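Novice: when you get a sec, could you give me coordinates for this:
(chains A, B, C and D)
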2 protein chains.
Amino acid sequence: MGKNQPDLLPGTLDMLILKTLTRAPLHGYGIAQSIKRLSDDVLTVEEGSLYPALQRLLLQGWVKAEWKMTDTRRRARYYTLTAAGRKQLGLELSQFEQVIGAIGRVLRDAEA
Amino acid sequence: MGKNQPDLLPGTLDMLILKTLTRAPLHGYGIAQSIKRLSDDVLTVEEGSLYPALQRLLLQGWVKAEWKMTDTRRRARYYTLTAAGRKQLGLELSQFEQVIGAIGRVLRDAEA
DNA sequence: GCCTATGTATAGATAATCTATGGGTAGAAA
DNA sequence: TTTCTACCCATAGATTATCTATACATAGGC
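Specialist: From the prediction side, this is the model:
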């Protein structure tokens, strides 16, 4: 069978993760749950997308990680947004809005 | 140097092409120009993205192609939207809006 | 003891895009 | 008549980002 529909829009995952971390530090699983819940189950972040993305963000210095215990008494890696990450988020947000606006103009057939 | 910024949002190209063809049949070059102009130069469709995309659309039966002469007296391949293509466009539009809405909710941090 | 939810992580496949390149014509300018 | 620019099509290969599938591990409820 297969779903034949992507779980999210390619190119938006890093932005979504960074945004999610502006509220509070979260572990990977929590980030995925948060995005899923806030999007009313429209966006699903698979593990195979999430953890590589978090590695990318760590490497870029946009988040930092720390092992802690969850309130359910399990080891988990908590990610925190860095200053550079906050700046990057701002950049990605403005680029995203610009592109979405441009797509909207094409879809609405705005004539010069 | 290099630009370090994508020319468009991955996953949206087919939709943009189909939408562009709802106005009138166009050749590849014309499609690219149209998208560029309507988006105020924000979206740029490279040939290496455009022609493979048109091949995909042909294979799916969403467009059909015909060689004609342009008003500048050159051979060009004109693409026309098929009924199936129109249906597909509707599908992609609604999915796109759903995903964009979901992303918007996450970015605005809508709490349940 | 088993099941479910919680948690991290990687390997490999897949898909879509970009870069780079090749070919070719019309018309204007030099 | 050569050269330049705009017009036109197309593909190979690299790159990037995502998904699928898998592996491992623990807490708590049944």
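Novice: would you say A:Glu66 is within a strand?
Specialist: Yes: counting by DSSP: H, G, I helix; E, B strand; the rest coil, A:Glu66 is found in a strand.
Novice: partners of the residue lying closest to it once chain neighbours are set aside in the sheet?
Specialist: Using C-beta to C-beta, 6 or more residues apart in numbering or on different chains and skipping the chain neighbours, the partner closest in space to A:Glu66 is A:Tyr78 (5.2 Å). All C-beta atoms are positioned from the backbone trio N, CA, C, and that covers glycine. A:Tyr78 forms beta bridges with A:His27, A:Glu66, as assigned by DSSP bridges.
Novice: how much space between A:Tyr78 and B:Val106?
Specialist: As judged by C-beta to C-beta, to the nearest Å, A:Tyr78 and B:Val106 stand 20 Å apart.
Novice: higher neighbour count, the two?
Specialist: Ranked by neighbour count (other C-beta atoms under 10 Å in any protein chain shown), A:Tyr78 and B:Val106 place B:Val106 first, with 24 against 19.
Novice: check contacts around the residue nearest to A:Glu66.
Specialist: The neighbours of A:Tyr78, taking C-beta atoms under 8 Å, 6 or more residues apart in numbering or on different chains as the test, are A:25-27, A:65-68.
Novice: any idea which of the residues you listed is closest to A:Gly11?
Specialist: Ranked by distance to A:Gly11 (C-beta to C-beta), the contacts of A:Tyr78 are led by A:Leu26 at 21.6 Å.
Novice: where does chain A come near DNA strand D, residue by residue?
Specialist: Proximity of chain A to DNA strand D is confined to A:2-3, A:6-8, A:10-14, A:44-49, A:52-53, A:56, A:72-74 under the rule C-beta under 7 Å from any atom of the strand.
Novice: quick one: the strands in chain A, in order.
Specialist: A:26-27, A:63-69, A:75-81 (DSSP state E).
Novice: what comes into contact with the shortest one?
Specialist: Taking C-beta under 8 Å, 6+ apart as the criterion, the residues outside strand A:26-27 that touch it are A:20, A:34, A:68, A:70, A:76-79.
Novice: now swap in stretch A:96-112 and tell me
Specialist: With contact meaning C-beta under 8 Å, 6+ apart, stretch A:96-112 is reached by A:12, A:15, B:8-9, B:12, B:15-16, B:19-20, B:22-23, B:35, B:37-40, B:42-43, B:93, B:100.
Novice: buried subset of those residues, written for ChimeraX?
Specialist: Buried subset of these, written as a ChimeraX selection, criterion 16 or more other C-beta atoms under 10 Å in any protein chain shown:
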select /A:12,15 /B:8,9,12,15,16,19,20,35,38,39,42,43,100
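Novice: which ones, among the contacts of stretch A:96-112, also lie beside DNA strand C?
Specialist: B:8, B:12.
Novice: tally of neighbours for the residue of chain A found nearest DNA strand D?
Specialist: Nearest residue of chain A to DNA strand D: A:Gly48, at 1.7 Å (C-beta to the nearest atom of the strand). Neighbour count for A:Gly48, taken as other C-beta under 10 Å: 8.
Novice: how near is it to A:Leu16?
Specialist: In terms of C-beta to C-beta, A:Gly48 sits 16 Å off from A:Leu16.
Novice: next: A:Gln55.
Specialist: For A:Gln55, the distance to A:Leu16 - C-beta to C-beta - is 16 Å.
Novice: equivalent analysis for A:Arg77, please.
Specialist: To A:Leu16, A:Arg77 is 18 Å away according to C-beta to C-beta.
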